[in-house]
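*Asks:* sequence and predicted model, in that order:
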Amino acid sequence: MRKDIEKERFENKFYEMLRLQRENLKEIEVGEKYFGRQAILRIFEELRLLYFLTKDHLESWNKTAVGKIAAKPLDYRSKEITEIAYIFLFYGAENVMDKSKSLRFGYSSDFLVSCGTQIITLRNELRRHERINKSYTGTLFKITNYPNILTEQGSKLAHYFRHLFQAVTYVTTYKGLSLSEKERYSYLKILRAQLSNHEQSLLYFNAFHKQGKYWFSQGFFTKWKMIKNIPFYLHDFGVPPEEKLSEEIKKKEGIENEEVIQMRLTEILDGMIVDVI
């Protein structure tokens with residue numbers, strides 16, 4: 001009887017958190033035009049654009065920095081470019097360019113200011129046209145203008161991701177009921193099923209920023225598989241999930257055998273292309 005009461009208490013809170021997660025999604029809006037999952041889609045597209053813009057600007061920066069004392073070439077790889085793009089998405093170019101704040105990001109403040117200036121220039125150009133075409137590192141973007149494009153999205157995303165993190169933490173750490181890992185995972189599958197492909201993809205890239213790093217450190221992607229069955233074409237930029245998660249498997253599970261890692265990746269991602277090992 002006591003176990004039944006405790007299970008009911010656990011499930012009541014879990015399903016309430018599930019309801020609040022749906023409500024949080026509905027409240028996300030972009031440009032007073034897109035809401036919920038459509039807003040998430042636009043935010044994801046902005047992140048993809050920012051990644052290629054940042055990568056393109058880095059290549060130009062390093063070419064012009066050769067032989068100059070004031071500007072040194074920067075050895076930023078996909079991981080760093082991903083985080084820089086997410087920083088611009090989350091905080092907005094103006095806040096990132098503020099040198100009193102930019103130092104805390106751990107990247108060259110001069111580069112952040114230079115890249116932010118290019119983002120603002122693009123945004124101003126978009127305000128004069130309904131749509132424009134741009135190419136960054138050979139990738140073509142057909143960008144349609146809408147209100148507040150390429151401005152900070154952190155105020156919309158912070159609460160959404162924070163509550164999602166709390167829901168996962170609640171299930172994985174609940175002490176009042178003796179739940180097996182299999183039972184805990186069954187609840188997390190219900191939670192994950194609420195997330196669209198773009199929500200899962202954005203969640204993955206959010207974890208590269210320092211505020212989202214605990215998604216990796218707590219094993220929420222590897223042990224608890226909170227991203228799964230994401231179409232591979234959504235990851236044509238940044239660090240591919242199979243690459244990052246194989247790194248996490250080696251680090252957290254101490255696995256070095258490549259065949260075993262391949263099996264774990266297939267188990268975790270199920271349906272994503274995993275051919276990097």
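*Replies:* Good, I have the coordinates.
*Asks:* find the centremost residue of the protein, please.
*Replies:* In the chain, the residue lying closest to the centroid (CA atoms, centre = their mean) is Phe205, at 2.1 Å.
*Asks:* contacts only, for that one.
*Replies:* Contacts for Phe205 (CB atoms under 8 Å, 6 or more residues apart in numbering) come out as Leu47, Thr82, Tyr86, Gly238. Yep, even glycine has a C-beta here, placed from its N, CA and C like the rest.
*Asks:* and what of Thr169?
*Replies:* Gln218.
*Asks:* is it within a helix or a strand, and which one?
*Replies:* Using DSSP states H and E, Thr169 sits in helix 154-173.
*Asks:* what number of residues are in the vicinity of Glu46?
*Replies:* Using other CB atoms under 10 Å, Glu46 has 19 neighbouring residues.
*Asks:* and Ile5, by the same measure?
*Replies:* With other CB under 10 Å as criterion, Ile5 counts 10.
*Asks:* can you give me the distance of it to Val171?
*Replies:* 19 Å (CB to CB, to the nearest Å).
*Asks:* pLDDT averaged over the helix holding Thr169 - what is it?
*Replies:* The predicted model assigns helix 154-173 a mean pLDDT of 96.
*Asks:* strands along the stretch 51-200 of the chain, start to end?
*Replies:* Remark: strands assigned in the stretch 51-200 of the chain by DSSP state E, counting those that start in this stretch are 131-136, 139-144.
*Asks:* how about the residue lying closest to His198 once chain neighbours are set aside, what does it touch?
*Replies:* In this structure, His198 finds its nearest non-sequential neighbour in Phe44, 4.7 Å apart by CB to CB, 6 or more residues apart in numbering. By CB under 8 Å, 6+ apart, Phe44 lies in contact with His198, Ser201, Leu202, Leu234.
*Asks:* so Arg37 is in contact with Asn197, correct?
*Replies:* No - assessed by CB atoms under 8 Å, Arg37 is found out of contact with Asn197, at 9.7 Å.
*Asks:* so for the residue nearest to the centre of the chain, what's the pLDDT?
*Replies:* On the pLDDT scale, Phe205 gets 96.
*Asks:* isn't Leu188 right up against Tyr174?
*Replies:* No - if you go by CB under 8 Å, Leu188 and Tyr174 don't touch, sitting 11.6 Å apart.
*Asks:* how about the helices in the stretch 51-200 of the chain?
*Replies:* Using DSSP state H, counting those that start in this stretch, the helices of the stretch 51-200 of the chain run over residues 78-91, 93-97, 99-102, 109-127, 154-173, 181-192, 197-206.
*Asks:* looking at those helices, spot the one closest to Glu11.
*Replies:* With CB to CB, the closest approach to Glu11 among the helices of the stretch 51-200 of the chain belongs to helix 181-192: 8.3 Å.
*Asks:* now for the closest one, which elements pack on it?
*Replies:* Applying 3 or more CB pairs under 8 Å, 6 or more residues apart in numbering; DSSP states H and E, one finds that helix 181-192 contacts helix 2-27, helix 154-173.
*Asks:* which one of those lies closest to Gly254?
*Replies:* helix 154-173 (20.6 Å).
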